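Colleague: missing the sequence, but the structure's below:
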């Protein structure tokens with residue numbers, strides 16, 4: 001039986017990228033909550049979620065939910081107070 005082997009460091013790299021993408025999404029979502037007029041945070045959420053989906057972080061569910069939330073944050077209109 002043939003088994004595909006890959007270097008062990010690759011697992012550490014993918015795990016690190018997933019954790020960093022999750023941290024980016026969490027910190028950008030907090031900043032978007034605090035500063036709703038700045039659309040940069042929504043864009044960073046979308047980018048972090050796409051990275052999470054590509055690295056299969058959170059079984060894909062976190063990436064999908066982050067992508068939905070980021071797009072909603074980008075399309076939201078903030079009323080002037």
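Modeller: That came through, no problem. Here the structure is a predicted model, which is why all the values come from computation and not from measurement.

Colleague: Which elements pack onto the helix of greatest length in the chain?
Modeller: Assignment by DSSP state H gives helix 8-34 as the longest helix of the chain. For helix 8-34, the packing partners by 3 or more Cβ pairs under 8 Å, 6 or more residues apart in numbering; DSSP states H and E come out as helix 40-54, helix 61-75. Every C-beta, even on glycine, is put in place using the N, C-alpha and C of the backbone.

Colleague: Averaged pLDDT, it. What do you get?
Modeller: Mean pLDDT, helix 8-34: 90.

Colleague: buried stuff in that helix?
Modeller: Across helix 8-34, burial judged by 16 or more other Cβ atoms under 10 Å covers 18, 21, 22, 24, 25, 28, 29, 31, 32.

Colleague: Pick the one among the residues you listed closest to residue 69.
Modeller: Within the buried residues of helix 8-34, proximity to residue 69 (Cβ to Cβ) peaks at residue 29, which comes in at 6.8 Å.

Colleague: export the buried residues of helix 8-34 to TSV and tack on distance to residue 50?
Modeller: Shown next, in TSV, are those (distance: Cβ to Cβ, whole Å):
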residue	distance to residue 50
18	12
21	9
22	13
24	11
25	10
28	13
29	15
31	18
32	16
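
Colleague: Let me know the closest of the residues you listed to residue 76.
Modeller: Minimum distance to residue 76 across the buried residues of helix 8-34 is 9.1 Å, recorded for residue 32 (Cβ to Cβ).

Colleague: which residue packs closest to that closest one, ignoring adjacent ones?
Modeller: residue 41 (3.6 Å; Cβ to Cβ, 6 or more residues apart in numbering).
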